[in-house]
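Student: Let's see this in three dimensions:
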Amino acid sequence: MTLEPVHMRKISELAERIDRSFEFEEPKTAADIYKLLEELKVDGKVILKAVDRLFRGVVRTELMAECEDPYPVTYACDSGSTNPKTYDSGLFVDFCHCGLAATPTDLDVQRYRTIVCAAYSSSRSVAMQATSGWEEFDEGMGRAKLVRIAPDELNKKFPDMVHSLAMYLAESEHILFMKDRVDPSGFFIMDGTVYPKQLMYWLVLDDEDVKIRQNEDARKVLQNYIDIVDHFLEKRVPVIGFVKNPIDMQIMDSVRKKSEGFDLPWTLDSQFFRNLLSPEKCGSEGSGQGSGDWYSGNSGKNGKNGRNPGKNFGSRSSYITYTNWFLQPNRFYEKLLSGTSPLAAGDRLRQQLRHKFPLEDYALCFFMLYVPSTDVVFKVESPYGLVKDDFLRMQITKKVLFDLSLHGFPLTLTKADHLAKIRKVERQEIDKFFENMSPDKDYNDTRWGKISEV
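Tutor: Model (predicted):
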């Protein structure tokens, strides 16, 4: 059955009541809040501060696309997953398959693959033979490994932990596997965050039900990401994490705690930045240096030398807006973490981690982008050790804006997604490999199972 006109009319009435409730009398609320982000403190700790000065920027996509690519050789790493699968034996398993895409296309680089299978069973009698080292295949261009989470390491979060371990181990190992095979003059994109935040959280948390910190492979993941950052800092090669769906809430939570008189309507930071970076919602008139002025990132007539580009931003497909860079020196979205890098692990685990650079160089920095044509907000992360270099920071920003202006999304990351993705038909085939087990199914599998995957 579908909704009849009478049903839609009633839904329209209900929606109208909600919609009318959100007519704000203070259109500049987002811009006013932005001033606080120059240095945001909670309980005496700086949790966010602007790198260099505070500003909002705008670039004309047509002009930016005509510029020279600051990094013509680009790499992007992504992993495909079966997603955590459960079987009638009580087994939880996830296969992650990681690849590296290149622009211009490099078939040799793209042939290298890393596959990690992570498995968990609560039964102590199950003797899964985890791989001690890597098993090579495809003439040495591929590597595979089976890792196990022990029964005493989990009493909950089974799918989450199996997936996190498989994904982060596959991605970090593949980047380290490929680091000396990529052009040192290139630009490197990681899909999602720079660091394994979900795994970091559970490694830090003292939880009797999730003792993943006991797992040797989980601890190795943390060291891997430090080694990755060490490599890029040493070679001075730009590396970013491109976050497609940012879900952080730290900034909004922190502003509420400051009790500055703001009645915040937003829960997610991305909701705030979408309003801040939408000229029609937040206004295009600046109110002085460091207070959220619009700054033109193009070297054209409008906005040169940081002047306000004016009210006329043009059609929604003609520009992209963005913020300055921010440093997160202490906590990110999880309160229990005292820092934004794997070196925040604390206790004995932190003492076991080796690193080559000062601790502050591993702290995360980020800036936000808004693409009006799709009404999408993106977050771009990079370690402070790179972002504190004025030239590298400018080049990284320009590269991201160039890619988005030209393609609407980083082209190489799209290629990496296609390269690594495990499709539905392949996931179904993997189920058949478990001859002694049947996949757990529920009603939704029956209801939606025949719908084609795009």
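
Student: And the next helix or strand past the lengthiest strand in the chain?
Tutor: With secondary structure taken from DSSP state E, the chain has its longest strand at strand 92-103. As assigned by DSSP states H and E, the chain's next helix or strand after strand 92-103 is helix 107-111.

Student: who does that following helix touch, helix- and strand-wise?
Tutor: Using 3 or more Cβ pairs under 8 Å, 6 or more residues apart in numbering; DSSP states H and E, the elements in contact with helix 107-111 are strand 92-103. Any C-beta I mention is one placed from the backbone N, CA and C, and that applies to glycine too.

Student: circling back to that earlier point, pull the longest strand of the chain out as PDB, backbone CA atoms only.
Tutor: Extracted in PDB, the C-alpha atoms of strand 92-103 (Å, rounded to 0.1, in the frame of the first residue of the first chain):
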ATOM      1  CA  PHE A  92      31.200 -13.400  13.800                       C
ATOM      2  CA  VAL A  93      33.400 -12.800  10.800                       C
ATOM      3  CA  ASP A  94      34.400  -9.900   8.500                       C
ATOM      4  CA  PHE A  95      36.600  -9.800   5.400                       C
ATOM      5  CA  CYS A  96      38.200  -6.500   4.500                       C
ATOM      6  CA  HIS A  97      39.900  -6.000   1.200                       C
ATOM      7  CA  CYS A  98      42.100  -3.000   0.700                       C
ATOM      8  CA  GLY A  99      43.500  -1.400  -2.400                       C
ATOM      9  CA  LEU A 100      45.300   1.800  -3.500                       C
ATOM     10  CA  ALA A 101      44.200   3.800  -6.500                       C
ATOM     11  CA  ALA A 102      46.300   6.300  -8.400                       C
ATOM     12  CA  THR A 103      45.700   9.200 -10.700                       C
END
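
Student: which parts of that strand are buried?
Tutor: 92-103 (16 or more other Cβ atoms under 10 Å).

Student: quick one: it to chain centroid distance?
Tutor: On the basis of Cα atoms, centre = their mean, to the nearest Å, strand 92-103 sits 16 Å off its chain's mean C-alpha point.

Student: now, the most widely separated pair of the buried residues of strand 92-103?
Tutor: Pairwise distances across the buried residues of strand 92-103 (Cβ to Cβ) peak at 36.4 Å, for the pair F92 and T103.

Student: returning to that earlier point: sheet partners, orientation included, of the longest strand of the chain?
Tutor: Using DSSP bridges, strand 92-103 pairs in its sheet with strand 74-81 (antiparallel), strand 85-86 (antiparallel), strand 113-120 (antiparallel).

Student: can you redo the ones you listed as CSV with mean neighbour count?
Tutor: What follows is these, written out as CSV (neighbours: other Cβ atoms under 10 Å):
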stretch, mean neighbour count
strand 74-81, 25
strand 85-86, 19
strand 113-120, 25
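
Student: Mind telling me which of these the model trusts least?
Tutor: Here the strands paired with strand 92-103 differ in mean pLDDT, and the lowest is strand 85-86 at a mean of 88.

Student: centre of the chain versus it, how much separation?
Tutor: That offset, for strand 85-86, works out to 25 Å (Cα atoms, centre = their mean).

Student: again, but for stretch 148-156
Tutor: For stretch 148-156, the distance to the chain centre is 27 Å (Cα atoms, centre = their mean).

Student: Can you give me the buried ones in that stretch?
Tutor: When burial is assessed from 16+ other Cβ under 10 Å, stretch 148-156 yields the following buried residues: 148-150, 153-154.

Student: Quote the end-to-end distance of it.
Tutor: 16 Å (Cα to Cα, to the nearest Å).

Student: The helix or strand that I18 is a member of packs against which elements?
Tutor: Applying DSSP H and E as the criterion places I18 in helix 5-20. Applying 3+ Cβ pairs under 8 Å, 6+ apart, we find helix 5-20 packed against no helix or strand.

Student: could you dump the buried residues of strand 92-103 to JSON lines with distance to M437?
Tutor: As requested, these are exported to JSON lines (distance: Cβ to Cβ, whole Å):
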{"residue": "F92", "distance to M437": "12"}
{"residue": "V93", "distance to M437": "10"}
{"residue": "D94", "distance to M437": "15"}
{"residue": "F95", "distance to M437": "15"}
{"residue": "C96", "distance to M437": "20"}
{"residue": "H97", "distance to M437": "21"}
{"residue": "C98", "distance to M437": "25"}
{"residue": "G99", "distance to M437": "28"}
{"residue": "L100", "distance to M437": "33"}
{"residue": "A101", "distance to M437": "34"}
{"residue": "A102", "distance to M437": "38"}
{"residue": "T103", "distance to M437": "41"}
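
Student: quick one, what contacts Q198?
Tutor: 160, 164 (Cβ atoms under 8 Å, 6 or more residues apart in numbering).

Student: Point to the residue nearest the middle of this structure.
Tutor: The centroid of the chain falls nearest to G192 when counting by Cα atoms, centre = their mean (2.6 Å).

Student: wait, doesn't it sit right on I247?
Tutor: No: judged on Cβ atoms under 8 Å, G192 makes no contact with I247 at a distance of 11.1 Å.

Student: Quick check: the gap between E234 and H355.
Tutor: In this view, E234 and H355 are 11 Å apart by Cβ to Cβ, to the nearest Å.

Student: cool, F187 as well?
Tutor: Separation of F187 from H355 (Cβ to Cβ): 23 Å.

Student: Would you mind telling me which of those two has more residues around it?
Tutor: F187 (26 against 17; other Cβ atoms under 10 Å).

Student: for the more buried one, what are its contacts?
Tutor: Counting by Cβ under 8 Å, 6+ apart, F187 touches 70-71, 73-75, 237-238, 240, 396, 399.

Student: The nearest residue to it once chain neighbours are set aside: what secondary structure?
Tutor: Leaving out its chain neighbours, the residue that sits closest to F187 by Cβ to Cβ, 6 or more residues apart in numbering is Y71, at 3.5 Å. For Y71, the assignment made with DSSP: H, G, I helix; E, B strand; the rest coil gives coil.

Student: what's around Y71, how many residues?
Tutor: Y71: 20 neighbours (other Cβ under 10 Å).

Student: try P196
Tutor: 24.

Student: For stretch 372-385, measure first residue to last.
Tutor: With Cα to Cα, one end of stretch 372-385 sits 31 Å from the other.
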